[in-house]
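Peer 1: missing the sequence, but the structure's below:
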């Protein structure tokens, strides 16, 4: 027994040394991303991912840099884990400005390199740089953006029924009532979105807060200085609830609102006869229309939009996908600079449903009128605010999502729902 | 290429390491007198397993406990604040209540269905077919099962099978996953659907172990089938049932996938598993997440102790 072992021993020891060495080498490779590769973690999936990859293809060809895309619907959790484990991807999509600030303050995010800042300064509106900054230092870039507060409708169904897109807020209210009186619920709303269910409702609330009470209240609210129980925020919830919780005003009533996936929230626009006439959703919704109704959906013919009209204030809300850099390798810097460049942004918008904040992207790059108009509205608006819930601390954001669902289900509990949000606010901003 | 090389190194290297370790320890043992060697050897052999246990089980547990006493960022000691915060929120009691419902109804029905199916199929020719059909859900991932049942329960009768049936008989579609406690029970149904096969297989194996002579003898003595089942089969099956039940209870405590996929823990369906995930990944509160994990651990410990006791009792009988 022992003798046989003895002859085998040197081989075994040698092999185990190889194993240990290999393990060490693996450790070195994992973090760095040297030698022309850059790891990239994104939340995109499906067609969105394919479009994103095709946008990156020219970059990989030109520079010879291999972009290793890791795509996962749970990318946020993966990012958090990899940061905690000290092995973040070189570049990653960030959950939003709130978490970005946290990553930056904890020293995980790297500052934007000068070449990226140069592009931002010359090609982007100041606001985007500010929205991607933490304590005055730029960390994040918006690789794509969307315009929020669009009200989608079906022009064909509108003309069949004799409706006209409204000119102002009063016009919208009377249009909604007119449609409701005809017996068809005017609105289609879908709040279901897996673990993030409720977010489309937060967009409604944000649009109401900004348009009813103005940017100052909006900013204070984002920063945790405006109580949820204050009359301003309550008014926004009530304005949303008046429509979203009443079966006369919303297709299927609150149960359908809570059960319908956000991507199908506007499906009733295309029903025969129409199940609804209006759908409030961001600019990317056109992508869902095209996907859900490839035969019927045609921009400008069977779907179009008007902006949610100003109420007391004239302002719009926007959102965007933030990317940040966790390892400032040369390859990562080049990738970041490419992502914000007009070349990449133009390729991205050509795939449809995507808005670019880069002013150098020619408007004729947009594949349809609807998106082109949204891009023009976004780049020319006077008062623009970034999505409020995305900027709130994650605990506040999560509670906001939950509150939307609770409110739609039990509108009578608004008092206790808002009080609970105040409680979360007191703790979430404390750190 | 790199990955393939890695795989080969691991496949060859890991066994080599083990052999190298054993050979190495034998060399070391040469240094001590022959008489003491048998006393040291077992410890050397058990050491790697022990090391793994410390690295992957004991250290993380202690670390989790420490984190549970820290704030959300993990940089400040806050004592029991995380625990007090949890127990003072109504939502957490709702979470515990849901887990209690899972333990009672999920475990109860899985075990009962498991026994009934095992006993009934024991007597029929097409036993394997029935058992295979019932075992199939076990082979589906939880996430897939959640998605499938999510469609089944969909509010829209054009999508949801259940609501299609309800509307077919003239009813109004029900928001099946929106109202508590109905939604929690319907989630438990998905769990039962998945796990009955597991209980059935184990119990069926236990059943085969009961000698048929014993049952024949009972029947000869005039026992009817119910008496045979309740007086003989059930008591003899008790140890197996206990093993299955404890496994299922632990599964109930750890429930995550089904709830996360189907309701995201909203509408009052939150369980400890989803609450832990929410605290850690969504809210990014390390302290509270660790506290939830510790509470889950404490809840599981009695079940584990019971299991170990049973094993020891069985060993003693042998």
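Peer 2: Looks like it arrived, so ask away. Because the structure is predicted, anything quoted here is derived from the model rather than measured. Residues are numbered from 1 along each chain as shown, chains lettered A, B, ... in the order given.

Peer 1: ok, which residues in the stretch 201-318 of chain B are in contact with chain A?
Peer 2: Proximity of the stretch 201-318 of chain B to chain A (CB under 8 Å from any CB of the partner chain) is limited to residues B:260-261, B:264-267, B:277-278, B:280-285. Quick note: C-beta positions are derived from backbone N, CA and C, even for glycine.

Peer 1: out of the residues you listed, who's nearest residue A:326?
Peer 2: When those are ranked by distance to residue A:326 (CB to CB), residue B:284 comes first, at 16.3 Å.

Peer 1: what are the phi and psi angles of the nearest residue to that closest one once chain neighbours are set aside?
Peer 2: Among residues not flanking residue B:284 along the chain, residue A:394 sits closest, at 5.0 Å (CB to CB, 6 or more residues apart in numbering or on different chains). The phi/psi pair for residue A:394 (degrees, to the nearest 10) reads phi -60, psi -30.

Peer 1: which residues are in contact with residue A:394?
Peer 2: Going by CB atoms under 8 Å, 6 or more residues apart in numbering or on different chains, residue A:394 touches A:95, A:98, A:99, A:428, B:282, B:283, B:284.

Peer 1: change it to 10 Å
Peer 2: Counting by CB atoms under 10 Å, 6 or more residues apart in numbering or on different chains, residue A:394 makes contact with A:76, A:80, A:95-96, A:98-99, A:102, A:428, B:72, B:278, B:281-285.

Peer 1: how about the strands of the stretch 1-150 of chain A, start to end?
Peer 2: A:37-42, A:66-71, A:91-94, A:133-134, A:137-138, A:141-147, A:150-153 (DSSP state E, counting those that start in this stretch).

Peer 1: any chance of these in JSON lines, plus mean pLDDT, mean neighbour count and distance to residue B:304?
Peer 2: Below are the strands of the stretch 1-150 of chain A laid out as JSON lines (pLDDT from 0 to 100; neighbours: other CB atoms under 10 Å in any protein chain shown; distance: least, CB to CB, whole Å):
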{"stretch": "strand A:37-42", "mean pLDDT": "92", "mean neighbour count": "22", "distance to residue B:304": "37"}
{"stretch": "strand A:66-71", "mean pLDDT": "92", "mean neighbour count": "16", "distance to residue B:304": "36"}
{"stretch": "strand A:91-94", "mean pLDDT": "93", "mean neighbour count": "26", "distance to residue B:304": "38"}
{"stretch": "strand A:133-134", "mean pLDDT": "88", "mean neighbour count": "18", "distance to residue B:304": "45"}
{"stretch": "strand A:137-138", "mean pLDDT": "92", "mean neighbour count": "16", "distance to residue B:304": "50"}
{"stretch": "strand A:141-147", "mean pLDDT": "90", "mean neighbour count": "25", "distance to residue B:304": "48"}
{"stretch": "strand A:150-153", "mean pLDDT": "95", "mean neighbour count": "24", "distance to residue B:304": "55"}
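
Peer 1: surely residue B:22 touches residue B:44?
Peer 2: Yes. In terms of CB atoms under 10 Å, residue B:22 counts as a neighbour of residue B:44; the distance is 8.7 Å.

Peer 1: hang on, the earlier thing: which of the contacts of residue A:394 are buried, as a PyMOL select command?
Peer 2: Remark: buried members of the contacts of residue A:394, expressed as a PyMOL selection using 16 or more other CB atoms under 10 Å in any protein chain shown:
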select buried, (chain A and resi 76+80+95+96+98+99+102+428) or (chain B and resi 72+278+281+282+283+284+285)
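
Peer 1: of all the contacts of residue A:394, which comes closest to residue A:365?
Peer 2: residue A:96 (26.6 Å).

Peer 1: ok, is the longest strand along chain A in contact with chain B or not?
Peer 2: Longest strand in chain A, counting residues (DSSP state E): strand A:316-325. No. Judged by CB under 10 Å from any CB of the partner chain, strand A:316-325 and chain B are separated, with a smallest distance of 15.6 Å.

Peer 1: could you check the angle strand A:37-42 makes with that strand?
Peer 2: 150 degrees (axes from the mean of the first three to the mean of the last three CA atoms, to 10 degrees).

Peer 1: and the next helix or strand after strand A:316-325, what's buried?
Peer 2: Going down the chain from strand A:316-325, the next helix or strand is helix A:330-340, by DSSP states H and E. Within helix A:330-340, the residues that count as buried by 16+ other CB under 10 Å are A:331, A:332, A:333, A:334, A:335, A:336, A:337, A:338, A:339, A:340.

Peer 1: before we move on, what about stretch A:273-288?
Peer 2: A:274-288.

Peer 1: and if you look at stretch A:286-300?
Peer 2: Quick answer for stretch A:286-300 (16+ other CB under 10 Å): A:286, A:287, A:288, A:289, A:290, A:293, A:296, A:297, A:299.

Peer 1: likewise stretch A:210-220?
Peer 2: So, applying 16+ other CB under 10 Å, buried residues of stretch A:210-220: A:210, A:211, A:212, A:213, A:214, A:217, A:218.

Peer 1: the last one touches residue A:315, doesn't it?
Peer 2: Just to be clear, that refers to residue A:218. Yes. Counting by CB under 10 Å, residue A:315 is a contact partner of residue A:218 at 8.0 Å.

Peer 1: any low-confidence regions in the chain?
Peer 2: No chain in the question, so chain A it is. Within chain A, the ranges that satisfy pLDDT under 70 run A:1-35, A:430-431.

Peer 1: ah, no, chain B please
Peer 2: B:1, B:318.

Peer 1: chain B contacts on the stretch 51-200 of chain A?
Peer 2: Checking the stretch 51-200 of chain A against chain B by CB under 10 Å from any CB, the hits are A:74, A:76-81, A:84, A:95, A:98-99, A:102, A:105-106, A:192-198.

Peer 1: filter those to the buried ones?
Peer 2: Buried by 16+ other CB under 10 Å: A:76-80, A:95, A:98-99, A:102, A:192-193, A:195-198, out of these.

Peer 1: of these, just say which sits nearest to residue A:261.
Peer 2: The closest of these, once distances to residue A:261 are taken by CB to CB, is residue A:192, at 4.7 Å.

Peer 1: mind listing what the nearest residue to that closest one once chain neighbours are set aside touches?
Peer 2: Of all residues not flanking residue A:192 in the chain, residue A:261 sits nearest, at 4.7 Å (CB to CB, 6+ apart). Contact analysis of residue A:261 by CB under 10 Å, 6+ apart lists A:190, A:191, A:192, A:193, A:194, A:197, A:200, A:267, A:288, B:154.

Peer 1: any chance you could map the strands in the stretch 251-400 of chain A?
Peer 2: Here the stretch 251-400 of chain A has its strands, by DSSP E, counting those that start in this stretch, at A:279-281, A:304-307, A:316-325, A:384-386.

Peer 1: which of those strands sits most buried?
Peer 2: Among those, strand A:279-281 has the highest mean neighbour count (mean count of other CB atoms under 10 Å in any protein chain shown), at a mean of 26.

Peer 1: show me what that strand is in contact with.
Peer 2: A:146, A:148-154, A:186-190, A:200-201, A:203-204, A:207, A:240, A:243-244, A:251, A:262-263, A:265-269, A:285, A:288-289, A:303, A:305, A:308.

Peer 1: change it to 6 Å
Peer 2: Applying CB atoms under 6 Å, 6 or more residues apart in numbering or on different chains, the contact partners of strand A:279-281 are A:151, A:152, A:188, A:266, A:269.

Peer 1: just how off-centre is that strand within its chain?
Peer 2: Remark: strand A:279-281 is offset 15 Å from the chain centroid, using CA atoms, centre = their mean, to the nearest Å.

Peer 1: tell me the strands beside it, with direction?
Peer 2: Strand A:279-281 pairs in its sheet with strand A:150-153 (antiparallel), by DSSP bridges.

Peer 1: ok, longest helix in chain B?
Peer 2: If you go by DSSP state H, chain B has its longest helix at helix B:286-317.

Peer 1: in terms of secondary structure, what does that one contact?
Peer 2: If you count contacts as 3 or more CB pairs under 6 Å, 6 or more residues apart in numbering or on different chains; DSSP states H and E, helix B:286-317 packs onto helix B:59-68, helix B:81-87, helix B:234-254, helix B:272-277.

Peer 1: now render those helices as a markdown table, adding distance to residue A:356.
Peer 2: Below are the helices and strands packed on helix B:286-317 laid out as a markdown table (distance: least, CB to CB, whole Å):
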| stretch | distance to residue A:356 |
| --- | --- |
| helix B:59-68 | 42 |
| helix B:81-87 | 43 |
| helix B:234-254 | 45 |
| helix B:272-277 | 34 |
